[in-house]
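Asker: coords please:
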Amino acid sequence: MKIKKIAISTGGGDAPGLNAVIRATTLAALHRGWEVFGIRDGYNGLLLPDQYPQGWLTPLTRNEVRGITHLGGTIIGTTNKNNPLRFPIRDADGNVRQIDRTDEIIDAFQAFELDALVSVGGDGSMTIANALSQKGLRVVGVPKTIDNDLDQTVATFGFETAVTFATECLDRLHTTAESHHRVIVVEMMGRYAGWIALESGLSGSADVILIPEIPYNLEKVAEKVYERERSGSKFAIVVTAEGAKPVGGELTFKTHLIDNQKRLGGVGAKISDALRQLTGKETRLVVLGHLLRGGSPCAYDRQLALRFGAAAVRALAEGKHGIMVALDPPKVKYVPLSKATHRIKTVPLDSDLILTARDLGVCFGD
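Answerer: Residues are numbered from 1 along each chain as shown. Here you go, the predicted model:
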């Protein structure tokens, strides 16, 4: 069936480059004579109609996407709540149960004569996209995550921007740490993969890098601080991924007051307090958190996002769907959505990044 109208959704956490994807997808589709619409706030615009009196779709024209490549965030909104596969419903007694509302999405696409969906997001969004594809909707996925943990693509847009900003932060923290002879612990996002912490820690000359792939022993970390003290360096920079955990220990979570959901976070505070007790040195904690998600995408992420958006439209024009576009330098390839979230991409223990860091004397707490 010939394509005339498509929709774009952006789901999960925001990332630098989302607007570039929207622009590329829109312009590539308009170039082929298609109409383009954005779904408001992931699928919330469709599933929570009372909250969107203006409608769940917003038309995307050349004017709407003009001048947005360099902007952070997403002009159509996003959310990491209300997964349509497990949508929370509260009954009269206040009990919450989860239901599958993907059929409603399929029905809405048919009602509005939308021929295909470009779904932009991480593993959660790709899982939803695969479910919709299995129900007959033409879907192409575009991988997005600052964590760089999607297995089927060499890189995801937003990651390089996050690493660059984190590195700049470490550069600044070096000067204050050295001036005050402090140990500064820097906690970074990354979920269950250590890519952001590792790459920014290496490029930002961190003394200790703690990642989920290598359980840490704080005695080893303290010994690194002592070693630097003996060599005349009275300060240290300790980078930790939010998913790092001690040998034989558990991940650290925080329970958010708004939705009572547990999310990774808080390991930096534990490490900072423990190092203060072990070393007797003054310690400080810096949590970069959502600062890594915001701001303008770097040139690399802009180009990758534009390439992904254009490739998604090309795939649909070629009659392909049920796939995710993925970087396979120097090309963008197509991989089945069913494989896109088969596993997360973690840092290999024999990675050259780890080997290089060890040769430079970086401590991984092992």
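
Asker: and this structure, what are its domains?
Answerer: Domains of the chain are assigned by automatic domain parsing as 5-157+297-329, 161-294+348-359.

Asker: would TSV of the ones you listed with distance to Leu337 and mean neighbour count be doable?
Answerer: From N, CA and C alone the C-beta is placed, and that goes for glycine too. Compiled in TSV, the domains of the chain are given as follows (distance: least, CB to CB, whole Å; neighbours: other CB atoms under 10 Å):
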stretch	distance to Leu337	mean neighbour count
domain 5-157+297-329	4	20
domain 161-294+348-359	20	19
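
Asker: Can I get those domains in TSV including distance to Gly365?
Answerer: Converted to TSV, those look like this (distance: least, CB to CB, whole Å):
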stretch	distance to Gly365
domain 5-157+297-329	20
domain 161-294+348-359	3
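
Asker: Out of those domains, the one nearest Ala340 is which?
Answerer: Comparison of the domains of the chain against Ala340 by CB to CB identifies domain 5-157+297-329 as nearest, at 4.4 Å.

Asker: ok, which stretches of the stretch 201-350 of the chain are helices?
Answerer: Across the stretch 201-350 of the chain, reading from the start of the chain, the helices by DSSP state H, counting those that start in this stretch fall at 218-230, 267-279, 299-317, 337-340.

Asker: Kindly check the end-to-end length of stretch 87-104 for me.
Answerer: End-to-end distance of stretch 87-104: 12 Å, with CA to CA, to the nearest Å as the criterion.

Asker: per-residue confidence for the residue nearest to Glu35 when sequence neighbours are not counted?
Answerer: In this structure, Glu35 finds its nearest non-sequential neighbour in Lys5, 4.4 Å apart by CB to CB, 6 or more residues apart in numbering. As predicted, Lys5 sits at a pLDDT of 97.

Asker: and Lys5, what does it touch?
Answerer: By CB atoms under 8 Å, 6 or more residues apart in numbering, the contact list for Lys5 reads Trp34, Glu35, Val36, Phe37, Phe112, Glu113, Leu114, Asp115.

Asker: wait, the last one sits on Glu35?
Answerer: Translated: Asp115. No - counting by CB atoms under 8 Å, Asp115 stays clear of Glu35, with 9.5 Å between them.

Asker: looking at the helices of the stretch 201-350 of the chain, which is closest to Ile99?
Answerer: Proximity to Ile99 (CB to CB) singles out helix 337-340 among the helices of the stretch 201-350 of the chain, at 22.3 Å.

Asker: and that closest one, C-alpha only, in PDB?
Answerer: Taking only C-alpha atoms (Å, rounded to 0.1, in the frame of the first residue of the first chain), the coordinates of helix 337-340 have been written out as PDB:
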ATOM      1  CA  LEU A 337      13.100  -4.700  15.700                       C
ATOM      2  CA  SER A 338      12.800  -8.100  17.300                       C
ATOM      3  CA  LYS A 339      16.600  -8.100  17.800                       C
ATOM      4  CA  ALA A 340      17.000  -4.400  18.700                       C
END
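
Asker: before we move on, the earlier item: please identify which of the domains of the chain is closest to Thr341.
Answerer: For the domains of the chain, distance to Thr341 was read as CB to CB. The smallest value, 4.4 Å, belongs to domain 5-157+297-329.

Asker: what distance separates that closest one from the centre of its chain?
Answerer: In this view, domain 5-157+297-329 has its centroid 14 Å away from the chain centroid, taken as CA atoms, centre = their mean, to the nearest Å.

Asker: CA-only coordinates of the longest helix out of those in the chain in CSV, if you can.
Answerer: If each helix of the chain is counted by residues according to DSSP state H, the longest one is helix 159-180. Provided in CSV are the C-alpha atoms of helix 159-180 (Å, rounded to 0.1, in the frame of the first residue of the first chain):
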residue,chain,number,x,y,z
PHE,A,159,25.9,9.9,23.6
GLU,A,160,28.8,12.0,22.2
THR,A,161,27.2,15.2,23.5
ALA,A,162,26.8,13.7,27.0
VAL,A,163,30.4,12.5,27.0
THR,A,164,31.7,15.9,25.8
PHE,A,165,29.7,17.8,28.5
ALA,A,166,30.8,15.3,31.2
THR,A,167,34.4,15.8,30.2
GLU,A,168,34.1,19.5,30.4
CYS,A,169,32.7,19.2,33.9
LEU,A,170,35.6,17.0,34.9
ASP,A,171,38.0,19.6,33.6
ARG,A,172,36.4,22.2,35.8
LEU,A,173,36.4,19.9,38.8
HIS,A,174,40.1,19.2,38.6
THR,A,175,40.9,22.8,39.4
THR,A,176,38.8,23.1,42.5
ALA,A,177,39.8,19.6,43.7
GLU,A,178,43.4,20.4,43.4
SER,A,179,43.0,23.9,45.0
HIS,A,180,41.3,22.4,48.1
